[in-house]
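J.: Have a look; sequence and predicted model below, questions after that.
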Amino acid sequence: SIQFCNTNLYLTLFSYINTGNNTYNFFIFFKIILLLLLFKNGEHMANIFDDLEVGKSVFKDKQPLDHRFLPENLPHRKEQITQIAKYWIEALNNVTPSDITIYGKTGTGKTAAAKFAREQLNEAASNKNVFIKVEYIRCTDYTTEYQVIAQLCQKLGRNVPHRGWTKGEVINTFRDIFRRNAYGKKLILIVILDEIDILLSKDGDGILYTLTRTDNVSILSISNYVEFKQFITPRVMSSLRDKEIVFPPYGADQLADILSERAHLSFKEDTIESDVIPLCSAMAAKEEGDARYALDLLRTAGEIADEEESDKIIGDYVRRAKDRIEHNKITDIILTLPTQQQRVLDAILRLTQNNEEITSGKLYDTYKEVSKGDSVTYRRIFDFINELEMLGIISTNTISRGRGKGRTNIITLQCDTNLLEKTLYSI
């Protein structure tokens, strides 16, 4: 049958060749040659995934090790969640809640606690005659007032484009939702603005001005930095009047509790050696109690176990996971930095390798040498230093030189010098 098929294909090929359109003939000729190759000896190209067998794995479900996963229980954050609930409970009585600001380092459970409280409020509201909406906005995705308001309109059922309208048109459409809604009830909207410092630094405090001056809207802001309020003008601060909640870093024992619960959900039985979770917890505790980092360590250690075709996760895999995570994180950050910031990092690297104390003045001098005439102003260097510190690549410490000598910022590199050098010089 294969031979018959091939004979018919050849006859079809020659019949097309004898027609007048040479371009068309060539195209058909090429297609038929491909068909002949595919069907030769009865063989055809299979889906590549058919040949990839799923081997044994220590995982039963990776999702609980993702920091975006929202578990049924948040260990060691009941106090903070309860504080949020005490402010939000007013919504259940049809009263707009107070604004809230949450502070805390990366990986201290701020976003998870806010989302957990949202789920609890939605559940409580379903049993009451109230109309409450809690909408989450990640400010790294929506970086202008226009984009945030347009996204809120979309979530509330109004088809507003993310560009093309005037800001006034978008704001009026947003406010109109509160005057007319399909349920005939008073709408209370709680807006969670995660990483609000990014939005404010890029676009100013217009979003807070609009939301605080819209009836029945409450804001929950989340920031890694207490200093983010420097971006808020006095006229907005006067109407914000927020309640503040601080999320302290997790300790090693608390991180171990979190990892134990997630490990139970993610891994098959008897796949984790006894030293793995304590090791992940200790390493993450040194990273300012970062639960995200602890979860990344545990997940990556499991992936290394699978790569090694091992049925156990061991301590050595955690140490290898640490190196892999740091390498990927630092490399990705450095490669995406603007050229001038890469040059600042190059200058910091050179001074570090020379064991020199790095002041802003000395850094600027070395940076100008690196830039070879294509440099920014001394003032702009301070912006770069702040941004690099926010990324965790460097740290700064203000020290006093003694009476009459003022205070000086000392800059310290916070990543491996060999990795930094390799990445910078590969660009």
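T.: Happy to help now that I have it.

J.: Now do the buried residues in the helix or strand where S238 lies.
T.: Using DSSP states H and E, S238 falls within helix 234-240. Residues of helix 234-240 classed as buried by neighbour count (16 or more other C-beta atoms under 10 Å): 236, 240. C-beta: built from backbone N, CA, C; applies to glycine.

J.: Name the next helix or strand following it along the chain.
T.: Toward the C-terminus, helix 234-240 is succeeded by strand 243-247 as the next helix or strand (DSSP H and E).

J.: chain center to the helix holding S238, what's the gap?
T.: Computed by C-alpha atoms, centre = their mean, to the nearest Å, the chain-centroid distance of helix 234-240 equals 29 Å.

J.: What average pLDDT does it get?
T.: The average pLDDT within helix 234-240 is 90.

J.: Would you agree T210 is in contact with E145?
T.: Yes: with contact defined as C-beta atoms under 8 Å, T210 reaches E145; the gap is 6.4 Å.

J.: CA atoms only: put stretch 237-254 into CSV for me.
T.: Coordinates of each C-alpha in stretch 237-254 appear next as CSV, following Å, rounded to 0.1, in the frame of the first residue of the first chain:
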residue,chain,number,x,y,z
MET,A,237,-1.3,62.1,52.8
SER,A,238,-4.0,64.2,54.5
SER,A,239,-6.8,62.1,52.8
LEU,A,240,-5.0,58.7,53.0
ARG,A,241,-4.8,58.5,56.8
ASP,A,242,-3.8,54.9,56.7
LYS,A,243,-3.4,52.3,59.4
GLU,A,244,0.0,50.6,59.3
ILE,A,245,0.8,47.0,59.8
VAL,A,246,4.4,45.7,59.9
PHE,A,247,5.3,42.2,58.9
PRO,A,248,8.5,41.1,60.7
PRO,A,249,11.0,38.7,59.0
TYR,A,250,10.4,35.0,59.7
GLY,A,251,12.8,33.2,62.0
ALA,A,252,14.4,29.9,61.1
ASP,A,253,11.9,27.9,63.2
GLN,A,254,9.0,29.7,61.6
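
J.: K133 belongs to a strand, doesn't it?
T.: Yes: with DSSP: H, G, I helix; E, B strand; the rest coil as the criterion, K133 is part of a strand.

J.: how many other residues sit next to it?
T.: Neighbours of K133 under the rule other C-beta atoms under 10 Å: 18.

J.: any idea of the pLDDT on it?
T.: Model confidence at K133, given as pLDDT, is 96.

J.: Could I get the contacting residues of it?
T.: Applying C-beta atoms under 8 Å, 6 or more residues apart in numbering to K133 gives the contacts 155-156, 187-190.

J.: redo that, cut-off 7 Å
T.: By C-beta atoms under 7 Å, 6 or more residues apart in numbering, the contact set of K133 is 156, 187, 189.

J.: Look up how far V236 lies from the second one.
T.: From L187 across to V236, the span is 23 Å (C-beta to C-beta, to the nearest Å).

J.: Let me see the contact set for the closest residue to D194 other than its chain neighbours.
T.: In space, and not counting its chain neighbours, D194 is closest to I222: 4.6 Å by C-beta to C-beta, 6 or more residues apart in numbering. By C-beta under 7 Å, 6+ apart, the contact set of I222 is 102, 110-111, 114, 192-196.

J.: Next: K60.
T.: Counted by C-beta under 7 Å, 6+ apart, K60 has contacts 266-268.

J.: Just put those in TSV and tack on neighbour count.
T.: Shown next, in TSV, are the contacts of K60 (neighbours: other C-beta atoms under 10 Å):
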residue	neighbour count
S266	24
F267	24
K268	13
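
J.: Quickly name whichever of those residues is closest to S375.
T.: Proximity of the contacts of K60 to S375, judged by C-beta to C-beta, is greatest for S266, which lies at 48.9 Å.

J.: where exactly do the helices run in the stretch 51-200 of the chain?
T.: Counting by DSSP state H, counting those that start in this stretch, the stretch 51-200 of the chain has helices at residues 78-88, 110-125, 145-155, 167-179, 196-203.

J.: Next up, phi/psi of R68, please.
T.: Dihedral angles of R68 (phi, psi; degrees, to the nearest 10) stand at phi -80, psi -10.

J.: Could you tell me how many residues sit around it?
T.: Using other C-beta under 10 Å, R68 has 9 neighbouring residues.

J.: Number the chain from 34, please
T.: Let's use 34 as the start, then, which means that last one is R101.

J.: Relative to R325, how far out is it?
T.: To R325, R101 is 10 Å away according to C-beta to C-beta.

J.: How much space separates L452 from G394?
T.: From L452 to G394 the distance is 27 Å (C-beta to C-beta).

J.: Between the two, point out the one with more neighbours.
T.: Ranked by neighbour count (other C-beta under 10 Å), L452 and G394 place L452 first, with 15 against 12.

J.: thought the more buried one was touching I363?
T.: Yes: using C-beta atoms under 7 Å, L452 is in contact with I363, at 5.6 Å.
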